[in-house]
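S.K.: make a model of this:
(chains A and B)
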Amino acid sequence: EDKVVQSPLSLVVHEGDTVTLNCSYEVTNFRSLLWYKQEKKAPTFLFMLTSSGIEKKSGRLSSILDKKELFSILNITATQTGDSAVYLCAVEQGGSEKLVFGKGTKLTVNP
Amino acid sequence: NAGVTQTPKFRVLKTGQSMTLLCAQDMNHEYMYWYRQDPGMGLRLIHYSVGEGTTAKGEVPDGYNVSRLKKQNFLLGLESAAPSQTSVYFCASSPVGSSYEQYFGPGTRLTVT
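M.R.: Presented below is the predicted three-dimensional model:
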């Protein structure tokens, strides 16, 4: 059965801390891994990763994929209260029109 | 462009009642999806469609039906609502061959009492 597992499920940090969110997967015919940020409403796209070892960066956020060990991490440096959200990991499978989502990591950044 | 819109935003139903959730997109996307999100459960796919007139089951299809009579609209129906269907429902759409590029609607919060 295809699955995507995120850890931790929740995390509370102080502003300025650095956090690492994990996503491991077991899916057939892997094509890409995606990270989304979900605040109050709809998820918004952060990164798409297809190749191992190539870091994607956007400001204080970065992500990398390891296709050998079947996982990805999302790093957030110098966290701010605005980073508080649920971060979702999803995997796209080749030949499928669907995404498989993990349960998400709820990040709370306290001032 | 409005993107993906959902109607209604909130709804309270009694057990056994029926309702239809409407999703509309103006991006000319071929693929459309219905998800439900429960606390601590991420997004779970209910049904999806790869084109007008076609639908397919997702991970949790029981208790729901869908129709895609027009390319821009994707309807999700609950024939006999149950408390277990209390959830937030998200619709999404994506271009053909790009299921990774999903654009989400704002969600519908449904409570079944």
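
S.K.: drop to CA atoms for contacts and neighbour counts, all remaining ones
M.R.: Noted.

S.K.: quick one: the closest residue to residue B:51 other than its chain neighbours from residue B:104, how far?
M.R.: Leaving aside its sequence neighbours, residue B:51 sits nearest to residue B:30 (C-alpha to C-alpha, 6 or more residues apart in numbering or on different chains; 5.1 Å). Separation of residue B:30 from residue B:104 (C-alpha to C-alpha, to the nearest Å): 14 Å.

S.K.: and residue B:76, what does it touch?
M.R.: The neighbours of residue B:76, taking C-alpha atoms under 8 Å, 6 or more residues apart in numbering or on different chains as the test, are B:20, B:21, B:22, B:34, B:64, B:65, B:66, B:67.

S.K.: tell me, how many neighbours does the residue nearest to it when sequence neighbours are not counted end up with?
M.R.: Nearest residue to residue B:76 in three dimensions, chain neighbours excluded: residue B:66, at 4.6 Å (C-alpha to C-alpha, 6+ apart). As a burial measure, residue B:66 scores 24 neighbours (other C-alpha atoms under 10 Å in any protein chain shown).

S.K.: I'd say residue B:66 and residue B:75 touch.
M.R.: Yes: if you go by C-alpha atoms under 8 Å, residue B:66 and residue B:75 touch, sitting 5.4 Å apart.

S.K.: check contacts around whatever residue of chain A ends up closest to chain B.
M.R.: Per C-alpha to the nearest C-alpha, residue A:103 is where chain A lies closest to chain B, at 3.7 Å. Residue A:103 makes contact with A:4, A:5, A:6, A:9, A:88, A:89, B:40, B:41, B:42, B:43, according to C-alpha under 8 Å, 6+ apart.

S.K.: all good on my end, thank you.
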